[in-house]
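Participant: Quick check, what structure comes out for this input:
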Amino acid sequence: MKMVKDILKQWGCRPQRWLVLGVSMGLVACAGAQDPSPAVEGKAAAGAPRLVAQLADASDQVMLPPKVVPQPAPQVPPAARKAVVDAYEAMNKGRWADVTRLAPLASADPVLGMYPEYWLLRRRLQDRTLPVPEADVRLFLDQVDNPYLAERIRADWILASVRASDFAAALQIPPVSDPSASVRCALLLARHQTGQLIQAAEVLDAVQPTADCRDLVDQLAADQLLDRPQLNSLLHALLEAGKQAPADRMAAVIFDTPEMVQYAALIKNPLQWLKKHPRPRRDVDVELATIALSRLARGGEREKSARYIEDHWASQLPAQNLEWVWGQFGLVAALNVEPDAARWYRRSGHAPKTDYNHAWEVRAELRQAPIDWARVAAAIDKMSARQAAEPVWRYWKGRALAATGQTDQARGLYEAITGDQGFYGLLAIEELGRTPHLPPQPEALDPAWVAQARNHPGLQRAVALFDQGWRREAVPEWNFALRGMSDAQLRGAAEFAREEHIYDRVVNTSLLTRQVSDFSQRFIAPFEGQVAAKAHEIDLDPAWVYGLIRQESRFITDARSRVGASGLMQLMPATARWVAKKIGLKNFKPSQVNDFDTNTILGTRYLDMVLRDLGGSQMLATAGYNAGPGRPKRWRKQLQAPVEGAIFAETIPFTETRLYVKNVLSNTAYYAMLFTGEPQSLKAMLGTVGPDGQVATALP
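Facilitator: Here you go, the predicted model:
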């Protein structure tokens, strides 16, 4: 209890007030207690928090707070700021003549004045039909006092120079600190074209489905730096991921024109193509046949297709090619939550797989009844060392070792991930016989660090962008400003974000600290208990609601996802209308979905409906809230026997939903610890999920 009171003091709450809240609501809701802010962002990233559950190390503790001389806020001429705003609107509407006219007027804005000039220059650099405006780029870099914009322009300058075949010039441009895949590929191409040695491994590590990476692969294939098996592996990965358009472009690099005709035919109708080409004679014929056979897995008759392969093709292909085909059968079956997925994977031997497919081989084994833990361990052992070191696979390897009597080795794997403040870190703690609890709250942050953040030009610019509602520009500007900051500086920046009501930056900035874990920032509970009040009205767990909102929107009140979900609890328009009608909310209009009260009322009511529809399981209801309540019902129907909640969560076939469920529930465990002051069991929260034939639902 004392620890909770200490944390509350860190959050600026009076203990007496907390005791009242604790008794009446079971909730602490004063962290970052502010009104909802209009400066908000879209759906939060799905990645779980990193490991940093330790006290500050000596290097951070001995850092003296800075002596900060408060600087007056820059005086922004209203006409100049209006010119920036008008230029932004003109840019988004493609009225570039207006942007050109407004840029000189906007330059008098000391905070955002360089943005219109940046937009104009970036457009010229990205237009492949124009010459590279090298003189104007150099002039811009000499004049701009914004390191973020300077880095963005250098990145575009590199790309433009390589696209213009000025490879030597590209290599002379000062490097960018965090290059995109396109920039990495462009620089590799520049090195190759200027006679420098590059390794195929560098290329394979950098390549993503972008135009600049395609240019790199095309050139290296022409120069035979990448051999046919390497090119085939790139094509296989794209086909496996369902990225058909990039796969087709990669195929055009690998195959000549007659071969591309064959490729197009087999993609359209693989069985028909295979029957017309029964005996591959050349290596390219083998590759085409391998792709065609793998496409049979996507049909609805896998057993029949498998017999066809065994009868007509088993002796026609090298063993490794056939093993890759069976791996594709396993993947498609696993993604359809079919019980025979592991059977197909077991026929895939040690054929090279992508990380994505290796992961699904393990998941297929976890869904077997009974689980063959030796096979789980063997599937993990096929992974690269990098992939196998991820917390998820260390945990399941530990479970496999423990199940086969290798207790000491299992404990070593669990211990290695207990510092990970996510789903598997919490589960590992429980496997070690402990109950998860909060890490120690670090010492109070000296206000000087917050004052330093307020004076930081990059953070000031980002806040100005947030104030305009330009999150697309504000978030990268903010993140760039954080580079190189110490833990104390990051905590100061997070507090500055709290002051400005930019709650997602509070969480995401605090997650970057390396040696301290400030849960008053990482797990803020803003809005003065209003969210909890809505939950308590219908006996919903406030910790769960906060855990869901933290994942859905990072407390951004008008967040909007790429599929149209809106507000704190990310409601789809049709769902919002349905719930409003169901609960008798009069005069509801879709425009109200971002209103704080309306969104939380509709969101908590819908979450409660999903919970009841799925038998009171928070884990299933979390999946249903994200993917629709019918889907977890279909997934559990295909179970062969009851499974641990952790296994059900890990084997959810939708990547977004799988990560969402794990993040929401680990968030919930931490909020429950904060709100109650007591340790919490994530395993108990997950429970067990058994087969159920009921798949119908009346919910949208």
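Participant: which outside residues touch whichever strand or helix holds Ala379?
Facilitator: According to DSSP states H and E, Ala379 maps onto helix 373-381. Identification of contacts with helix 373-381 by CB atoms under 8 Å, 6 or more residues apart in numbering yields 342, 345-346, 358, 361-362, 365-366, 368, 388, 393, 396-397, 399-401, 403-404. Bear in mind the C-beta positions are built from the backbone N, C-alpha and C, glycine included.
Participant: Okay, buried residues for it please.
Facilitator: Trp373, Arg375, Val376, Ala377, Ala378, Ala379, Ile380 (16 or more other CB atoms under 10 Å).
Participant: How much space separates the fifth one from Leu401?
Facilitator: It refers to Ala378. For Ala378, the distance to Leu401 equals 12 Å [CB to CB, to the nearest Å].
Participant: do the same with the first one
Facilitator: Applying CB to CB, one obtains 8 Å for the distance of Trp373 from Leu401.
Participant: what's the closest of the buried residues of helix 373-381 to Trp157?
Facilitator: Ile380 (43.8 Å; CB to CB).
Participant: Tell me the span between the first and last residue of stretch 477-493.
Facilitator: Between the opening and closing residues of stretch 477-493 there is a gap of 13 Å (CA to CA, to the nearest Å).
Participant: again, but for stretch 331-349
Facilitator: 14 Å.
Participant: ok, now stretch 311-324?
Facilitator: OK, stretch 311-324 end separation, CA to CA: 17 Å.
Participant: what's that stretch in contact with?
Facilitator: By CB under 8 Å, 6+ apart, stretch 311-324 touches 236, 274, 278-280, 286, 289-290, 293-294, 309, 325, 347-353.
Participant: at 6 Å what do you get?
Facilitator: Thr290, Ser348, Gly349, Ala351 (CB atoms under 6 Å, 6 or more residues apart in numbering).
Participant: neighbours of the first one, just the number please.
Facilitator: Right, the one you point to is Thr290. Neighbour count for Thr290, taken as other CB atoms under 10 Å: 22.
Participant: Assign it to helix, strand or coil.
Facilitator: Three-state assignment for Thr290 (DSSP: H, G, I helix; E, B strand; the rest coil): helix.
Participant: which residues does it contact?
Facilitator: Asn321.
Participant: how close does it sit to Pro318?
Facilitator: Using CB to CB, Thr290 is found at 9 Å from Pro318.
Participant: So which residues of the stretch 1-150 of the chain form helices?
Facilitator: Secondary structure of the stretch 1-150 of the chain by DSSP state H, counting those that start in this stretch: the helices cover 2-10, 15-24, 58-61, 78-92, 96-106, 115-126, 134-143, 147-163.
Participant: do you know which of those helices lies nearest Leu216?
Facilitator: Once these are compared by CB to CB, helix 147-163 is nearest, at 9.1 Å.
Participant: and after the closest one, which helix or strand comes next?
Facilitator: Helix 147-163 is succeeded, C-terminally, by helix 167-172 (DSSP H and E).
Participant: List the buried residues for the helix or strand following that following helix?
Facilitator: Downstream of helix 167-172, the next assigned helix or strand under DSSP H and E is helix 181-193. Within helix 181-193, the residues that qualify as buried are Ser182, Val183, Arg184, Cys185, Ala186, Leu187, Leu188, Leu189, Ala190, Arg191, His192, Gln193, counting by 16+ other CB under 10 Å.
Participant: what residues are up against the fifth one?
Facilitator: Read that as Ala186. By CB under 6 Å, 6+ apart, the contact set of Ala186 is Ile158, Leu159, Val162, Asp212.
Participant: Pull the number of nearby residues for Gly433.
Facilitator: Gly433 has 8 nearby residues by other CB under 10 Å.
Participant: what about it, helix or strand, and which?
Facilitator: Using DSSP H and E, no helix or strand contains Gly433.
Participant: again with His236
Facilitator: His236 belongs to helix 228-240, assigned by DSSP H and E.
Participant: Just the buried residues of that helix, please?
Facilitator: Those would be Gln230, Leu231, Asn232, Leu234, Leu235, His236, Ala237, Leu238, Leu239, Glu240, for helix 228-240 by 16+ other CB under 10 Å.
Participant: Let's have those residues in a markdown table, adding distance to Glu528 and pLDDT.
Facilitator: Below are the buried residues of helix 228-240 laid out as a markdown table (distance: CB to CB, whole Å; pLDDT from 0 to 100):
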| residue | distance to Glu528 | pLDDT |
| --- | --- | --- |
| Gln230 | 58 | 95 |
| Leu231 | 58 | 96 |
| Asn232 | 59 | 95 |
| Leu234 | 53 | 96 |
| Leu235 | 55 | 97 |
| His236 | 54 | 96 |
| Ala237 | 49 | 95 |
| Leu238 | 49 | 96 |
| Leu239 | 52 | 96 |
| Glu240 | 49 | 94 |
